[in-house]
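Undergrad: no sequence for this one, just the structure:
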């Protein structure tokens, strides 16, 4: 009998607001991989350095800050 798959615990919960485009992309990933939003965000963020090109990310962040500004203190609030 095959071993039962492990379940990853997700103890930290928070409310997140997403743009319509970000939510569409998250749902498209869900459709492809069949994980819920919480698991997908955990997978992406835990493996961030493996899935994101650092130089491109820096450019995106600078472009975003140029267009929308950056919160004081850099904590996103």
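TA: Yep, that arrived. Because the structure is a prediction, the values reported are computed rather than measured.
Undergrad: Can you show me the helices along the chain?
TA: Under the criterion DSSP state H, the chain contains helices at 20-33, 37-46, 48-51, 54-68.
Undergrad: pLDDT averaged over the third one, what's the number?
TA: Pointing back at helix 48-51 there. Average pLDDT, helix 48-51: 96.
Undergrad: so how far is that helix off the chain centroid?
TA: Distance, stretch centre to chain centre, for helix 48-51: 11 Å (C-alpha atoms, centre = their mean, to the nearest Å).
Undergrad: Point out the other elements, helices or strands, that it touches.
TA: Judged by 3 or more C-beta pairs under 8 Å, 6 or more residues apart in numbering; DSSP states H and E, helix 48-51 is in contact with no other helix or strand. Heads up, the C-betas are built off the backbone N, CA and C, glycines and all.
Undergrad: that older thread, would you point to the one among the helices of the chain that's packed deepest?
TA: Highest mean neighbour count of the helices of the chain: helix 37-46, a mean of 14 (counted as mean count of other C-beta atoms under 10 Å).
Undergrad: roughly how far apart are the closest residue to residue 16 other than its chain neighbours and residue 35?
TA: Closest residue to residue 16 apart from its sequence neighbours, by C-beta to C-beta, 6 or more residues apart in numbering: residue 41 at 7.9 Å. The gap separating residue 41 from residue 35 is 9 Å, by C-beta to C-beta, to the nearest Å.
Undergrad: For residue 44, see how far away residue 15 is.
TA: 18 Å.
Undergrad: Kindly report the same for residue 65.
TA: Distance, residue 65 to residue 44, using C-beta to C-beta: 21 Å.
Undergrad: With residue 33 instead?
TA: 11 Å.
Undergrad: cool, residue 63 as well?
TA: Taking C-beta to C-beta, one finds residue 63 at 20 Å from residue 44.
Undergrad: Likewise for residue 24?
TA: Going from residue 24 to residue 44 by C-beta to C-beta gives 15 Å.
Undergrad: again, but for residue 38
TA: With C-beta to C-beta as the criterion, residue 38 and residue 44 are 11 Å apart.
Undergrad: Also residue 19?
TA: Applying C-beta to C-beta, the value for residue 19 to residue 44 is 16 Å.
Undergrad: ok, now residue 23?
TA: Taken as C-beta to C-beta, the span from residue 23 to residue 44 is 14 Å.
Undergrad: Fine by me, thanks again.
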